[in-house]
Each structure stands twice: as structure tokens, then as C-alpha cells.
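> coords please:
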Amino acid sequence: MELPFTGFELTFIIVAFIVFSLFSLASVCFQSHAAQRSSRIKQLRKKKKKRPASLVC
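Okay, the predicted model is just below:
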């Protein structure tokens with residue numbers, strides 16, 4: 001029984017899978033980081049709205 005791919009083709013497939021996996025993992029990490037940051041910005045905006053207005057002379 002012969003293998004369906006040569007060594008070069010298998011190497012290419014494995015490298016492509018690893019690169020795709022790394023990009024997918026990076027995408028998930030950056031999206032969760034961005035979501036945390038945007039929720040933090042929303043919290044800060046709410047705090048600014050709750051402050052009493054100061055008098056400007």
C-alpha cells in the first residue's frame with residue numbers, strides 16, 4: 001500500500017496546518033483582548049457620566 005502523498009507534499013500540508021492554526025489562535029486571543037478593552041472603555045465612560053458637572057468660570 002502506497003502513501004497518497006510524497007514527503008514534500010506532507011511537509012507542505014503540515015506546515016500549512018500549523019500556520020493556519022497559529023493564525024486562528026492569534027485571532028481568538030486578539031478578539032478577546034479587544035472585547036475586554038472595549039468593555040473597560042464603556043465602564044470608564046459610564047463613570048465619567050456619573051460625575052457631577054463642575055462649574056466653569
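> going forward, measure contacts between C-alpha atoms and count neighbours the same way
Fine.
> Mind telling me what element the residue nearest the centre of the chain is part of?
By C-alpha atoms, centre = their mean, the chain has its centre lying nearest to residue 30, at 2.0 Å. According to DSSP states H and E, residue 30 maps onto helix 7-50.
> So for that helix, mean pLDDT?
The pLDDT scores in helix 7-50 average 82.
> Now do that helix: distance to the chain's middle.
1 Å (C-alpha atoms, centre = their mean, to the nearest Å).
> about what we covered before: distance of the residue nearest to the centre of the chain relative to residue 24?
To residue 24, residue 30 is 10 Å away according to C-alpha to C-alpha, to the nearest Å.
> cool, and residue 11?
The spacing between residue 11 and residue 24, counted by C-alpha to C-alpha, is 20 Å.
> just residue 15 next, same as before
14 Å.
> With residue 36 instead?
In terms of C-alpha to C-alpha, residue 36 sits 19 Å off from residue 24.
> Then residue 37?
Residue 37 is 20 Å from residue 24, by C-alpha to C-alpha.
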